[in-house]
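Chemist: give the three-dimensional model of this entry:
(one chain, ligands or ions: 1)
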Amino acid sequence: MTTTHTTASPEVRPTVYSATAPHPDAGPCPSWCWVARTGETHEVEVRLGGEVEHASDPLRVRASLHGGVRASLHGGRLSDGETEFASVEPHLETIGTAAPAIVVALRHYTYPGPEHHYGDVLRLAVTDAEELAQVLAYLVQQAKGS
Ligand SMILES: [Zn+2]
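Modeler: Numbering: from 1, shown residues only. From the prediction side, this is the model:
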């Protein structure tokens, strides 16, 4: 008696996704994700290995001691006569279901070019950000002499 073994090849995830196909990461967006707010969809990004990068819109805080830009140098985003200050731009970000991070970027301008720069970006765990907020509040109190 002869036994024939027919083994099907293992089923694996596809390596090509159509632009119109559902995202391979079907998990829901956190409530703070800009995609959840707008109803748009996440794009499949090669660098994320099939997971979604959820992000909130950045909040902007003026960074007065860094370079800003006038509309005449910047091009399309500003209207004539407008000036944009440099800004610290924190936002929430997470990949898939990982714990969210608080990402802090400094948007500033260097002359003579009109392009803004972000430079190094801080990626903070929530506990790190809580401690930073406490230290900043302490330093603000010290600076105000209270
Ligand atoms: Zn999302």
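Chemist: C-terminal to the one helix or strand in the chain whose mean pLDDT sits lowest, what's the next element?
Modeler: Between all helices and strands in the chain, the lowest mean by mean pLDDT, DSSP states H and E belongs to helix 71-74, at a mean of 56. Secondary structure here is assigned by DSSP states H and E; on that basis, the next helix or strand after helix 71-74 toward the C-terminus is strand 83-84.
Chemist: that next one: partners in the sheet, and parallel or antiparallel?
Modeler: Partner strands and pairing direction for strand 83-84 (DSSP bridges) are strand 69-70 (antiparallel).
Chemist: just say helix, strand or coil for residue 130.
Modeler: Applying DSSP: H, G, I helix; E, B strand; the rest coil to residue 130 yields a three-state assignment of helix.
Chemist: my guess is residue 104 meets residue 89, correct?
Modeler: Yes: the pair residue 104 and residue 89 passes the contact test of Cβ atoms under 8 Å, sitting 7.3 Å apart. No exception for glycine: its C-beta is placed from N, CA and C like everyone else's.
Chemist: and the strands in this structure, which stretches?
Modeler: Per DSSP state E, the chain has strands spanning 53-55, 61-62, 69-70, 83-84, 87-95, 101-109, 116-117, 122-125. These are given in chain order.
Chemist: roughly how far out does the first one sit from the chain middle?
Modeler: Here the centre of mass of C-alpha atoms in strand 53-55, compared against the chain's by Cα atoms, centre = their mean, to the nearest Å, lies 6 Å away.
Chemist: packing partners for that strand?
Modeler: Under the contact criterion of 3 or more Cβ pairs under 8 Å, 6 or more residues apart in numbering; DSSP states H and E, the helices and strands touching strand 53-55 comprise strand 87-95.
Chemist: and the strands of the chain, which is most packed in?
Modeler: By mean neighbour count, with neighbours taken as mean count of other Cβ atoms under 10 Å, strand 53-55 ranks first of these at a mean of 20.
Chemist: can that strand be found next to the ion?
Modeler: Yes: applying Cβ under 5 Å from the ion, one finds that strand 53-55 is in contact with the ion at residue 54.
Chemist: could you shift the numbering so residue one becomes 48, and keep it that way?
Modeler: Yep, numbering from 48; the last one is strand 100-102 now.
Chemist: no further questions, thank you.
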